[in-house]
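Asks: 3D, please:
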Amino acid sequence: MAEDLSEVTESAQGPSNAAGPRSIRKLVTNALLNLCRGAASALLPILLPAVLLRQLHPPEAFSAWVLILQVAAYVGLLDLGLQVAVGRFVAREHELNETASRNAYYRTALLLLAACSVLGALAVIVVSFRFELLFPAVHGALIEKARWSMLVVGLAAALGLPGSAAAGFFIGLERNVVPTVVLGLGKALQGVATTWAAWSTHDLFITASAFAASYLATQIIQVGSVRFLVRDSRHGASQLAQEPLKELINYCATLSLWTVGGLLVTGLDIILVNRFQFGLVAAYASAANLIAVFVGIMSSAFNVLGARSSSMDAAGESERLGTLLLASSRWCSLLTVLLGVTAWSFARWGLNHWLGPSVGADALPLFHVLVIANAVRMPLVPYSVVLLGTGQQKLALWAPFAEGVANLAASLVLGSIYGAIGVAFGTLAGAAVGVFWQIVVNMPKTVRIPCRPLPFIREGYAIPAVALLPLAGLTLVPSGGVRHPAQAGIGLLVLALIWFVGVPQTERKRLLGYLGGRSRSTKGTTT
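Replies: Take a look at the predicted model:
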């Protein structure tokens with residue numbers, strides 16, 4: 001079995017910030033903070049559908065709301081990966097104690113995102129005033145409200161783009177607590193404002209305006225926090241710097257292709273469902289958003305590897321980087337198994353209470369297929385983050401694009417035949433293509449990350465798969481038998497296998513020691 005996370009710290013040499021027990025604790029702490037930030041982002045996709053499905057009038061207004069948010073998400077893609085790029089370059093320059101250069105990257109990214117904001121605003125204006133042509137399924141008096149709602153939400157998404165550079169700046173400094181707090185409070189404000197507007201007015205446009213205003217306020221605070229909390233953030237960065245501009249554009253050129261691939265993977269699904277089976281737009285969007293919450297939380301937790309891998313790469317610690325990647329991939333897979341089994345077990349009950357019996361029943365089979373598709377893809381999240389952190393994303397240029405093309409082709413064919421469920425199976429087909437491409441084609445090329453395909457398959461897929469074996473026992477329980485005790489026992493067995501088989505002994509000791517240390521620290525502070 002591969003070396004574990006604890007050995008990453010114990011074998012450290014030299015002055016790198018990535019070394020030492022204190023550093024691994026910082027890494028874990030930042031991962032937990034990122035997890036909290038992902039959980040904060042999850043509040044709106046979970047809470048708002050339950051409210052808006054019941055409060056917006058007419059009932060079709062929620063389907064229009066879904067399409068509005070989808071267009072706003074397209075505007076968010078104009079970030080072009082600059083948040084990731086800022087985190088990577090800020091971490092590198094911070095490691096080298098180059099404050100002026102660090103600030104130059106941040107300021108240049110702000111200016112680039114401001115230009116993207118203008119482009120996004122223009123695109124939103126065009127789309128909003130051609131709403132009825134792009135979304136013919138929305139008709140009647142709802143068109144005008146949907147048009148203006150799309151305009152205000154889309155403009156807010158465009159004007160808020162510079163906030164991602166500020167978040168990337170703090171992530172690069174490994175001060176993840178700042179974007180976590182700002183985003184958490186901002187999401188709470190956005191949730192309260194949107195819910196209050198929907199509850200009190202039942203009007204789509206007023207609800208969209210509350211959503212947009214609170215989002216934009218959060219992004220403004222995010223940008224302002226850099227100036228107020230990092231006193232030297234303006235030092236040596238008073239104008240556009242040529243070298244940072246060149247590096248950021250080169251870095252993000254590759255990410256842009258990844259963005260196109262991501263758009264083909266998930267960004268067009270709801271649009272396709274709108275065309276093939278409009279009546280299931282609300283069900284598909286709700287199931288997809290729930291999956292996006294899970295993916296977002298997991299990705300947020302492991303995005304901390306970006307700054308750390310950048311520091312390790314700058315210090316020439318290639319071997320330790322490979323060890324960290326294998327351990328992180330195993331943890332990502334184990335958490336995916338744990339959360340996936342939990343979500344699958346409670347899906348019927350949860351969807352019925354969340355969306356209502358009718359929409360919940362429609363969403364259930366879609367949710368099951370999307371859970372499998374994303375579980376296949378998730379173990380590669382740490383690898384993608386480390387690629388970005390070490391600047392080797394060009395070596396994996398075509399994997400997201402290949403997955404996206406496969407996804408789109410399969411979704412078009414299957415969706416035209418089977419409707420919404422066919423689009424979901426298209427996502428599963430695309431995920432299989434993407435995983436195959438990354439492991440078989442890309443991993444042998446990323447020589448600065450010593451991680452070969454077979455060890456990765458063992459750590460990322462084979463070991464976590466052992467934890468799923470007890471689920472076969474469910475097939476032995478008669479359909480009329482007592483299922484809940486059997487399910488509880490099998491669930492405990494899955495947990496035991498995750499802990500004793502999936503997690504190496506040294507990592508179990510390290511984790512228990514870390515939790516014990518935190519507990520003692522808390523008690524000492526209290527007394």
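Asks: Now do the buried residues in stretch 170-180.
Replies: Buried residues in stretch 170-180, counted by 16 or more other C-beta atoms under 10 Å: 170-174, 176, 178-180. C-beta here means a position set from N, CA and C on the backbone, and glycine is covered the same way.
Asks: Of those, just say which sits nearest to Phe131.
Replies: Distance to Phe131, by C-beta to C-beta, is smallest for Pro179 among the buried residues of stretch 170-180, at 33.3 Å.
Asks: Quick one: residues contacting the closest one.
Replies: 37, 166-167, 170-171, 222 (C-beta atoms under 8 Å, 6 or more residues apart in numbering).
Asks: any idea which of those is least confident?
Replies: In terms of pLDDT, the lowest of the contacts of Pro179 is Arg37, showing 60.
Asks: Report how many residues lie close to the residue lying closest to Ala123 once chain neighbours are set aside.
Replies: Distances taken as C-beta to C-beta, 6 or more residues apart in numbering place Val75 nearest to Ala123, at 6.9 Å, with adjacent residues excluded. Using other C-beta atoms under 10 Å, the number of residues around Val75 comes to 25.
Asks: what sits against Gly391?
Replies: Per C-beta under 8 Å, 6+ apart, neighbours of Gly391: 88, 251, 310, 313.
Asks: of all those, which two lie farthest apart?
Replies: Farthest pair in those, by C-beta to C-beta: Tyr251 and Asp313, 13.7 Å.
Asks: which is the next helix or strand following the host helix or strand of Ala213?
Replies: Taking DSSP states H and E as the criterion, Ala213 maps to helix 204-229. Remark: after helix 204-229, the chain's next helix or strand is helix 242-262, criterion DSSP H and E.
Asks: Show residues contacting that following helix.
Replies: Contact with helix 242-262 is made by 77, 80-82, 84-85, 88-89, 101, 104-105, 108-109, 112, 388, 391, 393-394, 397-405, as judged by C-beta under 8 Å, 6+ apart.
Asks: low-scoring stretches of this structure, by residue?
Replies: Along the chain, the parts satisfying pLDDT under 70 run over 1-43, 235-241, 254-255, 257-258, 261-267, 467, 469-495, 497-527.
Asks: Longest helix in it, please.
Replies: Ranked by residue count, the top helix of the chain under DSSP state H comes out as helix 318-355.
Asks: Next, the buried residues of that helix.
Replies: Residues 320-341, 343, 345, 347, 350-352, 354-355 are the ones in helix 318-355 that count as buried (16+ other C-beta under 10 Å).
Asks: what's in contact with the strand or helix carrying the residue nearest to Ala123?
Replies: Element membership for Val75 (DSSP H and E) is helix 61-76. With contacts defined as C-beta under 8 Å, 6+ apart, helix 61-76 is touched by 49, 52-53, 56, 120, 123-124, 127, 135, 137-138, 142, 145-146, 149-150, 153-154, 156-158, 161, 204, 207-208, 263, 267, 270-271, 274, 278, 281-282, 285.
Asks: picking up where we left off before, which members of the contacts of Gly391 occur in helices, if any?
Replies: Those of the contacts of Gly391 mapping onto helices are 88, 251, 310, 313, per DSSP H.
Asks: got the contact list for the third one?
Replies: Okay, so that is Ser310. The neighbourhood of Ser310, defined by C-beta under 8 Å, 6+ apart, consists of 87-88, 91-92, 95, 172, 389-391.
Asks: let's see 7 Å
Replies: Applying C-beta atoms under 7 Å, 6 or more residues apart in numbering to Ser310 gives the contacts 88, 91-92, 389-390.
Asks: want to try a markdown table for the residues you listed, with distance to Pro365 and neighbour count as columns?
Replies: As requested, the contacts of Ser310 are exported to a markdown table (distance: C-beta to C-beta, whole Å; neighbours: other C-beta atoms under 10 Å):
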| residue | distance to Pro365 | neighbour count |
| --- | --- | --- |
| Arg88 | 40 | 28 |
| Ala91 | 43 | 26 |
| Arg92 | 46 | 21 |
| Gly389 | 38 | 27 |
| Thr390 | 40 | 21 |
